[in-house]
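[1] here is my input; please provide its structure:
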Amino acid sequence: MTHTEPPAPSLTNTNCYGTGAIAFHWAAALLVIGVGVLGLLHDTWPKRTQAYWINVHALTGLVLWTLVIARYGWRLAHPPPSLPANMGAFDRRLSLAAHLTMYALLFITPIIGIVTFIWHGRVFNFGLFQVDFGIARNRAVFAPTEDLHGYLAYGLFGVAAVHILAALWHHFVRRDGFLRRMWPAPAVGTRDP
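    As a prediction, this is how the structure comes out:
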């Protein structure tokens with residue numbers, strides 16, 4: 001008796017995300033990685049370049065936050081596709097909780113980072129212009145918000161890791177085509193690997 005793999009479920013346009021949602025998802029993922037790496041390297045930067053890299057981290061965080069707001073707006077006008085019918089109630093509840101937590105952290109973490117940046121007495125340097133809020137360095141504000149920003153970022157990394165592991169589990173273990181819902185469609189005439 002030979003063992004054959006069941007064919008991957010056929011996905012239609014009704015249960016896959018659209019191009020806009022896919023673009024927002026992967027752009028946010030890349031920005032989270034970028035801003036996360038910059039944040040994790042914070043203590044390793046040479047003193048003479050530290051202000052520059054902190055500014056890059058802050059600006060990347062602002063871009064991420066703006067993208068998240070745009071994605072929320074997009075989501076209101078473009079509801080997500082329905083979850084597959086074969087997805088159990090527990091998986092549905094877990095998916096909802098993980099996504100809501102991730103969206104909340106994507107929204108709140110940059111705000112706390114901005115507060116920390118400003119009350120550190122720093123100026124946003126956009127290259128062609130600067131934005132200075134004229135707030136003096138205040139350790140009573142930036143010290144606790146800096147810690148909170150770090151804890152929230154680690155929480156975001158943890159939830160994102162669970163999200164990634166769940167997607168990989170669906171793709172490689174369950175082989176249910178779930179990951180392909182958020183993957184760009186192959187060009188016409190090519191086979192989906």
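[2] this structure: strands as residue ranges?
    124-125, 130-131 (DSSP state E).
[3] contact partners of the first one?
    Applying CB atoms under 8 Å, 6 or more residues apart in numbering, the contact partners of strand 124-125 are 55, 58-59, 62, 117, 130-132. Every C-beta, even on glycine, is put in place using the N, C-alpha and C of the backbone.
[4] are any of these buried, and which?
    Neighbour counting over those (16 or more other CB atoms under 10 Å) leaves 55, 58-59, 62, 117 as the buried ones.
[5] next, format these as JSON lines and append distance to Arg93 and pLDDT.
    Converted to JSON lines, the buried ones among the contacts of strand 124-125 look like this (distance: CB to CB, whole Å; pLDDT from 0 to 100):
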{"residue": "Asn55", "distance to Arg93": "41", "pLDDT": "97"}
{"residue": "Ala58", "distance to Arg93": "36", "pLDDT": "97"}
{"residue": "Leu59", "distance to Arg93": "37", "pLDDT": "97"}
{"residue": "Leu62", "distance to Arg93": "33", "pLDDT": "97"}
{"residue": "Phe117", "distance to Arg93": "36", "pLDDT": "97"}
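[6] separation between Cys16 and Ala85?
    Distance of Cys16 to Ala85, computed by CB to CB, to the nearest Å: 15 Å.
[7] quick one, what contacts Trp74?
    20-21, 24.
[8] shaky segments in this protein?
    Within the chain, the stretches with pLDDT under 70 are 1-14, 186-193.
[9] could you redo the last one with a cut-off of 90?
    1-16, 42-43, 45, 47, 80-89, 91-92, 94-95, 170-171, 174-181, 183-193 (pLDDT under 90).
[10] what's the local residue count around Leu105?
    Using other CB atoms under 10 Å, the number of residues around Leu105 comes to 21.
[11] how about it: what's its closest non-neighbour residue?
    Among residues not flanking Leu105 along the chain, Leu156 sits closest, at 4.1 Å (CB to CB, 6 or more residues apart in numbering).
[12] residues contacting the one you found?
    Under the criterion of CB under 8 Å, 6+ apart, the neighbours of Leu156 are 32, 36, 102, 105-106, 109.
[13] just the buried residues of these.
    The neighbour count (16+ other CB under 10 Å) marks 32, 36, 102, 105-106, 109 as buried among the contacts of Leu156.
[14] farthest pair within these?
    Using CB to CB, these span at most 13.4 Å, a distance reached by Gly36 and Met102.
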